[in-house]
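**Q** Sequence first, then the predicted structure, then my questions.
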Amino acid sequence: MIEEVKKKFFKVAYSSIEKEYRFNLRLLRQEGGAEIIDPFLAEIPIQHWCRAFYTGGRYGIMANGIAESFNSWISLERLMPVYCMLDQTRIKQMEQMDKRRDEAQRWTTELTPKMEERLKVQMEKSCRFSVHYSIPGVYEVRSDFSYVVNISEHSCSCVKWQINCFPCPHGLAAIQAASENVYDYIDKYFRVDMFKKSYSSPIRPITNVDMSSSESATDFILPPLAKRPPGRPRLKLFKSIGEVEKKLIRCGRCGKMGTHNKKSCTEPLVQ
């Protein structure tokens with residue numbers, strides 16, 4: 001049951017339009033119980049977790065765990081004294097930027113390889129649609145449903161073009177019907193030249209050969225002397241309220257899924 005609740009929650013989160021959101025939310029409330037789902041969702045502003053209500057472009061990204069990702073990447077360096085941690089992290093970033101800079105020099109496509117693959121998949125999907133001209137730049141794209149595409153404004157009524165900043169299959173079908181170059185309608189941040197610019201300013205190496213004393217070159221700033229607290233050291237960052245996952249359990253008294261047990265259960269029992 002818990003896995004089904006998770007699947008339906010992600011469907012709600014990835015909904016692109018309000019109608020789709022309400023449909024998936026109804027299924028989620030039926031699966032998990034409205035008395036549990038509604039208070040849980042009410043704690044987080046809807047524009048922070050559902051695509052249909054986000055006001056900007058997400059570029060296809062739904063997660064915001066970049067801090068956790070970086071924290072995991074420097075898991076060994078974090079255990080070092082402060083000076084060593086900073087120095088080793090700098091070296092790690094310097095090497096990574098050099099690696100990605102060299103990798104980008106071998107690319108011959110307009111988009112990065114990952115985005116070229118996405119474009120290929122979307123282009124294959126676009127072949128299934130029929131396109132009907134309305135006014136300059138505006139088309140009706142039909143399959144099981146009909147969509148309004150405005151290639152001049154880079155928009156589609158499915159809203160996925162606006163959210164992902166990348167043409168949806170309906171948009172690609174309209175662009176091809178207009179005999180336009182699809183690459184002209186893809187956001188610049190997906191292009192190889194922008195990737196190269198991201199790593200064009202390298203992290204410079206640092207020398208310490210000109211230090212005033214040869215002995216000082218081997219000195220390190222050690223952490224202050226402090227009493228170690230009991231238990232294992234914490235390695236993970238503290239999560240915000242919106243990131244904390246509440247584990248659902250089955251109450252032994254009322255039999256419902258929730259965050260309470262039979263001792264704290266306040267559900268009325270039917271005789």
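**A** Ah, there it is. Not measured: the values here are computed from a predicted model. Numbering: from 1, shown residues only.
**Q** Need the phi and psi values for residue 132.
**A** phi -130, psi 130 (degrees, to the nearest 10).
**Q** So what's the residue count around it?
**A** If you count neighbours by other CB atoms under 10 Å, residue 132 ends up with 11. Where you see a C-beta, it was placed from the backbone N, CA and C, and this is true even at glycine.
**Q** cool, residue 83 as well?
**A** 13.
**Q** likewise residue 263?
**A** Residues within reach of residue 263, counting by other CB under 10 Å, total 8.
**Q** do the same with residue 86
**A** When counting by other CB under 10 Å, one arrives at 13 neighbours for residue 86.
**Q** same check, this time on residue 140
**A** 17.
**Q** Now do the same contact list for it.
**A** With contacts defined as CB atoms under 8 Å, 6 or more residues apart in numbering, the neighbours of residue 140 are 131-132, 134, 146-149.
**Q** Then it would be within a strand, right?
**A** Yes: counting by DSSP: H, G, I helix; E, B strand; the rest coil, residue 140 is part of a strand.
**Q** From residue 66, how far off is it?
**A** Here the criterion is CB to CB, to the nearest Å. By it, residue 140 lies 39 Å from residue 66.
**Q** which other residues reach whichever helix in the chain runs longest?
**A** Counting residues, the longest helix found in the chain (DSSP state H) is helix 82-105. Identification of contacts with helix 82-105 by CB under 8 Å, 6+ apart yields 73-74, 77-78, 80, 192, 195-196, 199-200, 202-203, 205-206, 220-221, 223.
**Q** could you give me the average pLDDT of it?
**A** Mean per-residue pLDDT for helix 82-105: 91.
**Q** now for the very next helix or strand once past that helix, which elements pack on it?
**A** Sequence-wise, the next helix or strand downstream of helix 82-105 (DSSP states H and E) is helix 113-126. Helix 113-126 sits against helix 169-177, with contacts defined as 3 or more CB pairs under 8 Å, 6 or more residues apart in numbering; DSSP states H and E.
**Q** Give the helix, strand or coil label for residue 266.
**A** Following three-state DSSP, the label given to residue 266 is coil.
**Q** Would you mind stating the distance between it and residue 32?
**A** Distance check for residue 266 against residue 32: by CB to CB, it reads 19 Å.
**Q** When the two are compared, which one has more neighbours?
**A** Using other CB under 10 Å, the more surrounded residue of residue 266 and residue 32 is residue 32, with 22 against 7.
**Q** dump the residue contacts of that one.
**A** 5, 8, 248, 257.
**Q** ok, for the third one, nearest residue in space, not its chain neighbours?
**A** The reference is to residue 248. Excluding the flanking residues, the one nearest residue 248 by CB to CB, 6 or more residues apart in numbering is residue 257, at 4.9 Å.
**Q** Show the backbone phi and psi for that neighbour.
**A** According to degrees, to the nearest 10, residue 257 has phi -80, psi 140.
**Q** So in the chain, where's the weakest helix or strand by average pLDDT?
**A** strand 257-258 (a mean of 76; mean pLDDT, DSSP states H and E).
**Q** How about residues contacting that one?
**A** Contacts for strand 257-258 (CB under 8 Å, 6+ apart): 1-2, 32-33, 35-36, 248-251.
**Q** mind listing which of those residues are in strands?
**A** 249-250 (DSSP state E).
**Q** Among the contacts of strand 257-258, which pair sits farthest apart?
**A** For these, with distances taken as CB to CB, the pair at the greatest spread is 2 and 35 (16.3 Å).
**Q** got any ranges where this protein has weak pLDDT?
**A** Within the chain, the stretches with pLDDT under 70 are 1, 64, 210-223, 235-247, 270-271.
**Q** Contacts only, for residue 5.
**A** Here residue 5 is in contact with 28, 31-32, 248 (CB under 8 Å, 6+ apart).
**Q** hmm, which of the residues you listed are the buried ones?
**A** Using 16 or more other CB atoms under 10 Å as the burial test, those include 28, 31-32, 248 as buried.
**Q** any chance of the contacts of residue 32 in TSV, plus distance to residue 182?
**A** Below are the contacts of residue 32 laid out as TSV (distance: CB to CB, whole Å):
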residue	distance to residue 182
5	39
8	34
248	45
257	47
